[in-house]
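Asker: Here is my input; please provide its structure:
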Amino acid sequence: MGHLDHAAYGWLTPVLSYVMASIGAALGLRCTVRALAATGASRRNWLLTAASAIGTGIWTMHFVAMLGFEVNGTEIHYNVPLTILSLLVAMLVVGAGVFAVGYGKDRGRSLVLGGLTTGLGVASMHYLGMAALRLHGEVSYDPLTVGLSVAIAVIAATAALWAALNIKSPVAVAVASLVMGAAVSSMHYTGMMAVAVSVSPSDADLPGATAMQFIFPLAVGLGSYLFITAAFVALSPTADERAASASAARHLGEHTVTAH
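Answerer: As a prediction, this is how the structure comes out:
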């Protein structure tokens with residue numbers, strides 16, 4: 001068995017991955033809150049932004065954490081198509097869960113369906129990302145620990161969607177995002193505890209790309225997307241702010257007419 005190191009750079013990758021998960025959760029929750037207060041195309045667009053934010057945050061969290069993953073006795077490469085597929089799965093399945101909540105008539109049923117769908121999607125993203133690993137040896141998993149990681153993913157996703165439905169204030173959303181970041185990180189590291197690697201030393205070249213060749217640049221790009229989108233959402237007025245602005249404009253117009 002190869003010795004596994006889940007934090008080869010110390011606390012850097014666990015902390016940074018937690019930050020990315022929390023930012024994605026915060027942005028996704030804020031966009032979902034905006035969506036529930038909107039109608040028509042505006043609701044759809046906010047939900048799409050929420051899905052991309054949460055999916056990107058979860059994927060970036062996973063692969064930033066994987067930058068710190070090392071196995072003694074072998075290099076680690078990543079299959080590029082499978083890694084990209086894991087990102088698409090994260091966005092699509094999270095999108096299905098978010099839209100179930102955003103358009104569902106029965107909130108309770110939508111929450112259960114959305115939480116289950118999103119949680120299974122998060123777990124699928126994680127294990128697709130693990131399937132993209134290329135190393136000299138065989139990777140195996142402890143089934144019970146895998147099951148626990150999937151359960152954590154479903155519970156975390158359901159809690160996030162519940163928060164989107166019931167929490168409105170920015171402070172409460174921030175707290176919920178920190179909790180969600182911890183839950184997603186817990187799911188990741190629980191899943192990693194299920195991993196065992198039987199190393200078969202070899203001088204043969206591994207297929208795929210190294211983490212620094214592929215994962216790091218992509219994670220930086222997606223992280224930049226999260227920060228830019230967060231700035232856009234922060235600067236975009238809420239429905240209440242738009243209503244207050246419209247009301248102030250009406251009152252100003254009425255005052256102007258009366259003065260004349």
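Asker: Can you pull out the low-pLDDT segments for this structure?
Answerer: Scanning the chain with the threshold set as pLDDT under 70 gives 1-2, 234-260.
Asker: quick one, strands of it?
Answerer: For the chain, the strands defined by DSSP state E occupy 4-5, 70-71, 76-78, 133-135, 137-141, 195-199, 209-210.
Asker: now the ones you listed in TSV, with mean neighbour count?
Answerer: The C-beta positions use only the backbone N, C-alpha and C, and glycine is treated the same way. Formatted as TSV, the strands of the chain follow (neighbours: other C-beta atoms under 10 Å):
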stretch	mean neighbour count
strand 4-5	13
strand 70-71	20
strand 76-78	20
strand 133-135	20
strand 137-141	14
strand 195-199	16
strand 209-210	16
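Asker: and these as JSON lines, adding distance to Leu16?
Answerer: Output for the strands of the chain, formatted as JSON lines (distance: least, C-beta to C-beta, whole Å):
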{"stretch": "strand 4-5", "distance to Leu16": "16"}
{"stretch": "strand 70-71", "distance to Leu16": "16"}
{"stretch": "strand 76-78", "distance to Leu16": "18"}
{"stretch": "strand 133-135", "distance to Leu16": "20"}
{"stretch": "strand 137-141", "distance to Leu16": "24"}
{"stretch": "strand 195-199", "distance to Leu16": "21"}
{"stretch": "strand 209-210", "distance to Leu16": "19"}
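Asker: where does the residue nearest the centre of the chain sit relative to Ser86, distance-wise?
Answerer: Nearest to the centroid of the C-alpha atoms of the chain, with distances taken as C-alpha atoms, centre = their mean, sits Ile58, at 2.6 Å. Distance of Ile58 to Ser86, given as C-beta to C-beta, to the nearest Å: 10 Å.
Asker: what about Thr49, neighbour count?
Answerer: 21 (other C-beta atoms under 10 Å).
Asker: Surely it touches Ala230?
Answerer: No. The pair Thr49 / Ala230 is not scored as a contact, 10.6 Å apart, by C-beta atoms under 8 Å.
Asker: returning to what we had before: now do the same contact list for the residue nearest to the centre of the chain.
Answerer: 21, 24, 90, 94, 122, 125, 184 (C-beta atoms under 8 Å, 6 or more residues apart in numbering).
Asker: Highest neighbour count among the residues you listed?
Answerer: Val122 (34 neighbours).
Asker: Identify the residues contacting the nearest residue to that residue once chain neighbours are set aside.
Answerer: Excluding the flanking residues, the one nearest Val122 by C-beta to C-beta, 6 or more residues apart in numbering is Ala153, at 4.3 Å. Listed by C-beta under 8 Å, 6+ apart, the contact set of Ala153 reads 119-120, 122-123, 126, 184, 187.
Asker: Which two among the residues you listed are spaced furthest apart?
Answerer: Leu120 and Val184 (14.1 Å; C-beta to C-beta).
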